[in-house]
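[1] What follows is a predicted structure for the sequence shown.
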Amino acid sequence: MIRAEELTKRYGDRTVVQDLSFTVRPGTVTGFLGPNGAGKSTTLRMLLGLDAPTRGRSTVAGRAYATHPAPLTQVGALLEARSLHPGRSAFHHLMALAHTHGIPRARVEHVLGLTGLTDVAGRRVKGFSLGMGQRLGIAAALLGDPATVVLDEPVNGLDPDGVLWIRTLLKSLAAEGRTVLVSSHLMSEMALTADHLIVIGKGRLLADTTVSALVREAGGASVRVVTPEADRLRALLPTAPHPDAQITVEGPDTLRITGLDAAAIGHTAAAHGVPLHELTPQTASLEQAFMDLTHDSLEYQGAAA
Ligand SMILES: Nc1ncnc2c1ncn2[C@@H]1O[C@H](COP(=O)(O)OP(=O)(O)OP(=O)(O)O)[C@@H](O)[C@H]1O
């Protein structure tokens, strides 16, 4: 469990994090979301004892990070600024970290396997691609088998395979009962990865909620359906057991459906032989909810189009 209590950080006369209080619970992925410059990295640095708060306090597993006798075994962290010795191999980088905590070689080999780096473990880090570097950072974060994992923008710059890999890894870490806090400025990514969301803007808490609650508040996720038999599908859809379900006709062959998921719609169509040309879950409303939430606290605004 991570707990922040009225965390505040000032640089000169600028307050970049203000009175931030939240709790991150085990067993779920919590997304830490905010536009660029919102104060996410500063907050994570304070949680990890790398920056001193001007006011307030934070604890990980009940005590301040810096007071844990073997922090790697409590909290694994990947921060944006990586400090890697370029001439070291991935294996030696991890072994050097492992030595500081008496972690055995077998665990180093295990995390290399977990992050898909076994084949390149002997290569010098300076030749690593961005994605390989991220994987190595995650391997280091997992080295001590920590109950809490904190990752700052782990998908930044990764290709779709890498993004999918991180998403799956985070979910499995949470499923093992760990506390997982992951920052991002992309709602679309967090909607697919996180169960819980802490949203900040200009250093202040804007929302502490679940993804599904936010979807509901945003008017619900919808599914766009294109079929030459739109009228027949409308009549067949099982709306009765779902009082929230709504079907809007968007065109002669296009329906927008809320309150029923794509699977239910697809099954109904298949069971009655209705051909579907498109069956697309829409998350635009969630993106819009994030923009509405953070609009007044954007640090950098483009000129209005
Ligand atoms: N050492 C520092 N001295 C002065 N200002 C700082 C310092 N570190 C961060 N800031 C400022 O604090 C604000 C928050 O920065 P931070 O990096 O925490 O935001 P962020 O939400 O992580 O942003 P991004 O998504 O762009 O990484 C920014 O305006 C930044 O310029």
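    It's in.
[2] pLDDT averaged over the one helix or strand residue 288 maps to - what is it?
    Assigned by DSSP states H and E, residue 288 belongs to helix 284-294. For helix 284-294, mean pLDDT is 74.
[3] Over to stretch 125-141?
    Mean pLDDT, stretch 125-141: 90.
[4] circling back to that earlier point, so the helix holding residue 288, near the ligand or not?
    No. Using Cβ under 6 Å from any ligand atom, helix 284-294 never reaches the ligand; the gap is at least 10.8 Å. For the C-beta atoms, the positions are set from N, CA and C on the backbone; glycine is no exception.
[5] Kindly report the same for stretch 192-211.
    No. Stretch 192-211 does not reach the ligand (Cβ under 6 Å from any ligand atom); its nearest approach is 7.0 Å.
[6] Output the set of residues of the stretch 101-250 of the chain in proximity to the ligand.
    Counting by Cβ under 6 Å from any ligand atom, the stretch 101-250 of the chain sits next to the ligand at residue 185.
[7] What ranges does the stretch 101-250 of the chain have for its strands?
    148-152, 179-184, 196-201, 204-210, 222-226, 246-251 (DSSP state E, counting those that start in this stretch).
[8] returning to what we had before: which residues touch the helix holding residue 288?
    33-35, 38, 187-188, 191, 199, 201, 206-207, 211, 214-215, 217-222 (Cβ atoms under 8 Å, 6 or more residues apart in numbering).
[9] Selecting buried members of the residues you listed in PyMOL, what would you type?
    The PyMOL selection below is limited to those of those classed as buried (16 or more other Cβ atoms under 10 Å):
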select buried, resi 33+34+35+38+187+191+199+201+206+207+211+214+215+218+220+221+222
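[10] Inside helices: which ones of the contacts of helix 284-294?
    Counted as lying in helices by DSSP state H, out of the contacts of helix 284-294, are 187-188, 191, 211, 214-215, 217.
[11] element containing residue 260, please.
    If you go by DSSP H and E, residue 260 is not part of any helix or strand.
[12] what's near enough to touch it?
    Residues in contact with residue 260 (Cβ under 8 Å, 6+ apart) are 223, 237-239, 242, 245.
[13] Can you tell me which of those residues is nearest the ligand?
    residue 223 (31.2 Å; Cβ to the nearest ligand atom).
[14] can I get the CA coordinates of stretch 191-206 in PDB?
    Extracted in PDB, the C-alpha atoms of stretch 191-206 (Å, rounded to 0.1, in the frame of the first residue of the first chain):
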ATOM      1  CA  ALA A 191      -8.100   2.800 -19.700                       C
ATOM      2  CA  LEU A 192      -6.700  -0.500 -21.100                       C
ATOM      3  CA  THR A 193      -4.200  -1.100 -18.200                       C
ATOM      4  CA  ALA A 194      -5.500   0.300 -15.000                       C
ATOM      5  CA  ASP A 195      -8.500  -0.400 -12.800                       C
ATOM      6  CA  HIS A 196      -8.200   2.600 -10.600                       C
ATOM      7  CA  LEU A 197      -7.200   6.100 -11.600                       C
ATOM      8  CA  ILE A 198      -5.600   9.000  -9.700                       C
ATOM      9  CA  VAL A 199      -5.800  12.100 -11.900                       C
ATOM     10  CA  ILE A 200      -3.800  15.300 -11.200                       C
ATOM     11  CA  GLY A 201      -3.500  18.600 -12.900                       C
ATOM     12  CA  LYS A 202      -1.200  21.400 -11.900                       C
ATOM     13  CA  GLY A 203      -0.100  19.400  -8.900                       C
ATOM     14  CA  ARG A 204      -3.700  19.100  -7.500                       C
ATOM     15  CA  LEU A 205      -5.900  16.000  -7.200                       C
ATOM     16  CA  LEU A 206      -8.600  16.100  -9.800                       C
END
